[in-house]
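> structure for the following, please:
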Amino acid sequence: MLGEIASRRTAKGLAAALLAVGALGGCGGGGDDGGSNAGTPTVGNPAPAPQKVAVYQNSLTLGSTSAVSLSVVAGTSTTNAMLVSPVATPLLSAGNNPVLSTHLAANVPGAGIACVSAAANSIGTVTGVNAGVDVKSVAVLLDDGWSASAAPSANWAALGASGAVFDGWENCGAKAEGAPSPSSTLTVNAGGSFSDNVFDGNPSTTVTTINQNFTAAQAASLLSDTGYLDGSQPALAQTIRLKLYHNVAQQTVLVEEGIPVSGATGQNPGFIAIYFQR
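Numbers count the residues shown, from 1 in each chain. Coordinates of the predicted model:
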């Protein structure tokens, strides 16, 4: 059962993202025009505009459970947006990584997801829509306002008591049809069970929804530090974890990760997704 959703997400995680760069905008800026400073720009040779940088100190990357501080440098009219990592992770290089797109929830500060682009190839090419840019890696962005739950079982029970519903985001919600949209819906049930329904497409164009139901015992395994070992597909065996994070405003996001037992690779990357509560 978990294998079906894992394989679907693996496919979604590698599927060509059909959204042009543009989710991150540049910022304006001006130089000092005072006096005869040597560094004062002359007419026709303006100083470059400063780039906005947002830091996400508690982020998670595809294929790794270790938190890492990532920076997102906004693009300008002449430069691409970049995701900057101080260290290399299984599917993310140290230093600058070109950003394909991002999704940041307007009402949930300091949390989001970023997609890193790979070299263009024939996969996902759609004439007049997409030149074949692939998603190389995905990172869940969490700044220092977010911390992992100290009591995940109790927090999960509280979410179940209220019938909490979350919208899941993978691939930054990138699609060709229009604005980004969620990739799944997760509903926490009383007693600790939950459903995680993955869209085969997007909500506006979905033909099939993969309905997944999980018992309270499975949820408990997913929430544990050890995670749930899913061996339903031996060739794609992976450990799946579900983590709860809170901010000072007591908002909650969920992060679900699938990490291949043999280690994340470009061919078998696993998956990572962030869920925002409705």
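> spit out the contact partners of residue 215.
Counting by C-beta atoms under 8 Å, 6 or more residues apart in numbering, residue 215 touches residue 193. Heads up, the C-betas are built off the backbone N, CA and C, glycines and all.
> can you give me phi and psi for it?
Phi and psi for residue 215, reported as degrees, to the nearest 10, are phi -80, psi 170.
> give me the distance between it and residue 189.
Counting by C-beta to C-beta, to the nearest Å, the gap from residue 215 to residue 189 is 10 Å.
> which stretches of the stretch 1-150 of the chain form strands?
Assigned by DSSP state E, counting those that start in this stretch, the stretch 1-150 of the chain shows strands spanning 53-61, 68-73, 82-85, 95-104, 111-117, 135-142, 147-148.
> in a markdown table, list those strands along with mean neighbour count and mean pLDDT.
Formatted as a markdown table, the strands of the stretch 1-150 of the chain follow (neighbours: other C-beta atoms under 10 Å; pLDDT from 0 to 100):
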| stretch | mean neighbour count | mean pLDDT |
| --- | --- | --- |
| strand 53-61 | 20 | 97 |
| strand 68-73 | 20 | 97 |
| strand 82-85 | 22 | 96 |
| strand 95-104 | 20 | 90 |
| strand 111-117 | 25 | 90 |
| strand 135-142 | 26 | 89 |
| strand 147-148 | 13 | 97 |
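> got a list of what the most centrally placed residue in the chain touches?
The structure's the chain has its C-alpha centroid closest to residue 113; by C-alpha atoms, centre = their mean the separation is 3.1 Å. Contact analysis of residue 113 by C-beta under 8 Å, 6+ apart lists 102-103, 138-141, 169-170, 172, 273-274.
> lowest-pLDDT helix or strand in the chain?
Lowest mean confidence among the helices and strands of the chain (mean pLDDT, DSSP states H and E): helix 2-14, at a mean of 46.
> ends of stretch 97-112, what's the gap?
End-to-end distance for stretch 97-112: 17 Å, by C-alpha to C-alpha, to the nearest Å.
> equivalent analysis for stretch 75-94, please.
Using C-alpha to C-alpha, one end of stretch 75-94 lies 19 Å from the other.
> can you check stretch 59-71 too?
Across stretch 59-71, first to last residue, C-alpha to C-alpha, it's 10 Å.
> which regions of the stretch 101-250 of the chain lie under the pLDDT threshold?
Residue ranges of the stretch 101-250 of the chain with pLDDT under 70: 118-134, 173-180, 200-207.
> quick one: the helices in it, in order.
Taking DSSP state H, counting those that start in this stretch, the helices of the stretch 101-250 of the chain run over residues 152-161, 216-223.
> tell me which residues of the longest one are tucked away?
Right, the one you point to is helix 152-161. Neighbour-count burial for helix 152-161, counted by 16 or more other C-beta atoms under 10 Å, picks out 152, 155-156, 159-160.
> now do stretch 228-236
Quick answer for stretch 228-236 (16+ other C-beta under 10 Å): 228, 230, 236.
> how far does that stretch sit from the chain's center?
Remark: stretch 228-236 is offset 23 Å from the chain centroid, using C-alpha atoms, centre = their mean, to the nearest Å.
> cool, stretch 219-234 as well?
Distance of stretch 219-234 from its chain centroid, counting by C-alpha atoms, centre = their mean, is 20 Å.
> could you export that stretch as PDB, CA atoms only?
What follows is stretch 219-234 as a C-alpha-only set of coordinates in PDB (Å, rounded to 0.1, in the frame of the first residue of the first chain):
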ATOM      1  CA  ALA A 219       1.000   6.200  11.600                       C
ATOM      2  CA  ALA A 220       2.900   5.600  14.900                       C
ATOM      3  CA  SER A 221       5.700   4.000  12.900                       C
ATOM      4  CA  LEU A 222       5.800   6.800  10.500                       C
ATOM      5  CA  LEU A 223       6.000   9.300  13.300                       C
ATOM      6  CA  SER A 224       8.800   7.500  15.100                       C
ATOM      7  CA  ASP A 225      12.500   8.300  14.700                       C
ATOM      8  CA  THR A 226      13.000   4.900  13.200                       C
ATOM      9  CA  GLY A 227      10.300   5.400  10.600                       C
ATOM     10  CA  TYR A 228       8.300   2.800   8.700                       C
ATOM     11  CA  LEU A 229      10.200   0.300   6.500                       C
ATOM     12  CA  ASP A 230       8.200  -0.100   3.300                       C
ATOM     13  CA  GLY A 231       9.300  -3.300   1.500                       C
ATOM     14  CA  SER A 232       6.200  -3.700  -0.600                       C
ATOM     15  CA  GLN A 233       8.300  -3.100  -3.700                       C
ATOM     16  CA  PRO A 234      11.600  -4.900  -3.000                       C
END
